[in-house]
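In: here is my input, please return the structure:
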Amino acid sequence: MATEEGSKPPSLNQYPEMILAAITALNDKNGSNKSSILKYIESSYGNLPPGYSALVAHHLSRMKDSGELVMIKNNYMRSSDAPPRRGRGRPPKPKLPLPSGTVVTSPRPRGRPPKSKDPSALAAKKAVAAASGLSPRPRGRPPKKARPEAAGLPRPRGRPPKAKPPRFD
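Out: Sure thing, here's the model as predicted:
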């Protein structure tokens, strides 16, 4: 009966334990790849079924999906040992600690402030503009002013001729 228990292949719930033991024993700072994990398991646990490499690959992907392992550059690491992942772009500047007793106010919102919908505030604004003698500017682009050098003559079509330097003969 003891020989039957020794020749019996390990059950499926032992594969994650074997994988974690292999990663811990290999102790690479950049993590362990699949082939090194397979070699460690093969050397440590002699009696493995013929298709154990497919089972290990399946459990590695399941453990990666569940969050037990993190894959960085084709190497597997425990999620607690993995360095924090950086997002895209420039990292934020470190914030200086504020002195104690400082009240933090919220920053101004982005964009143009909304117009007031209060009719009395609009009337008061117009009254202030009228009292100061300033008329409000009309909306849109101002009209073009007439150019003084084009006094009555229309401009000829096309490119103007190249200016020739005066000749001294």
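In: can you give me the buried ones in stretch 86-101?
Out: Buried positions in stretch 86-101, judged by neighbour count with 16 or more other C-beta atoms under 10 Å: none. No exception for glycine: its C-beta is placed from N, CA and C like everyone else's.
In: what lies in contact with it?
Out: The set of residues external to stretch 86-101 that reach it, using C-beta atoms under 8 Å, 6 or more residues apart in numbering, is Val104.
In: what is the end-to-end distance of that stretch?
Out: 33 Å (C-alpha to C-alpha, to the nearest Å).
In: now do stretch 38-57
Out: 9 Å.
In: just stretch 122-142 next, same as before
Out: Taking C-alpha to C-alpha as the measure, stretch 122-142 stretches 24 Å from start to finish.
In: pLDDT of that stretch, averaged?
Out: The average of the pLDDT scores along stretch 122-142 is 77.
In: which SSE is immediately downstream of the lowest-mean-pLDDT helix or strand in the chain?
Out: Within the chain, no helix or strand scores below helix 2-7, which has a mean of 50 by mean pLDDT, DSSP states H and E. Downstream of helix 2-7, the next assigned helix or strand under DSSP states H and E is helix 15-26.
In: show me what that following helix is packed against.
Out: With contacts defined as 3 or more C-beta pairs under 8 Å, 6 or more residues apart in numbering; DSSP states H and E, the packing partners of helix 15-26 are helix 34-44, helix 52-66, strand 75-78.
In: any low-confidence regions in the chain?
Out: For the chain, the stretches flagged by pLDDT under 70 are 1-13, 133-136, 147-152, 169.
In: distance-wise, check the residue lying closest to Tyr40 once chain neighbours are set aside relative to Gln14.
Out: For Tyr40, ignoring the flanking residues on the chain, the nearest one in space by C-beta to C-beta, 6 or more residues apart in numbering is Ala22 at 4.1 Å. When C-beta to C-beta, to the nearest Å is the yardstick, Ala22 and Gln14 sit 12 Å from each other.
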